[in-house]
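S.K.: Fold the following, please.
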Amino acid sequence: MEISRARSSTCCIFLLLSLSLVLCAFSKSPRPISDVEIREKKNQCYTDIESGLWGWQCKSSAIAKENCALRCLSPVCYELIYESDPLEEGEKDLIRSQEYKYCMYKSSLGESLDGVRGSFL
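M.R.: Below you'll find the predicted structure:
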């Protein structure tokens with residue numbers, strides 16, 4: 001009985017350590033996301049949008065498609081940078097574009113996103 005309890009305790013400790021190592025491995029990346037990876041992922045988002053996975057509203061206009069692609073690419077960065085004021089027809093917002101890219105960079109490294117918004121003003 002005592003040996004069985006000791007094995008159970010050892011197994012539990014081993015599982016908890018394994019889980020914490022896995023979580024640490026996924027929380028931080030050894031390198032930031034590259035422009036190529038961003039482009040590939042965004043192209044996949046466009047494909048998903050065109051196939052209807054994001055609903056008809058994402059296909060209603062070019063700017064709606066772009067807003068949906070940005071949300072698809074990084075929901076957390078879209079929420080931080082664009083959600084309160086989505087892109088509008090004809091708008092070219094280079095400052096927010098840089099903030100979004102910086103957000104993706106920091107997010108890919110598992111870093112805090114504090115201070116990303118407004119960092120290029």
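S.K.: Please report how far the residue nearest the centre of the chain lies from W56.
M.R.: Nearest to the geometric centre of the chain sits S74, at 3.6 Å (Cα atoms, centre = their mean). From S74 over to W56 the distance is 23 Å, taken as Cβ to Cβ, to the nearest Å. C-beta coordinates here come from the backbone N, C-alpha and C atoms, glycine included.
S.K.: C-terminal to whichever strand or helix holds A64, what's the next element?
M.R.: Using DSSP states H and E, A64 sits in helix 62-73. The helix or strand immediately downstream of helix 62-73 is helix 75-81, counting by DSSP H and E.
S.K.: residues making contact with that next one?
M.R.: Under the contact criterion Cβ atoms under 8 Å, 6 or more residues apart in numbering, helix 75-81 has outside partners 67, 70-71, 96, 99-100, 103-104, 107, 113, 116-117.
S.K.: quick one: buried residues of that helix?
M.R.: By neighbour count with 16 or more other Cβ atoms under 10 Å, helix 75-81 contains the buried residues 77-78, 80-81.
S.K.: How about stretch 94-106?
M.R.: For stretch 94-106, using 16+ other Cβ under 10 Å, the buried residues are 96, 99-106.
S.K.: Distance of the residue lying closest to Q57 once chain neighbours are set aside relative to L121?
M.R.: Leaving out its chain neighbours, the residue that sits closest to Q57 by Cβ to Cβ, 6 or more residues apart in numbering is A64, at 6.1 Å. From A64 across to L121, the span is 27 Å (Cβ to Cβ).
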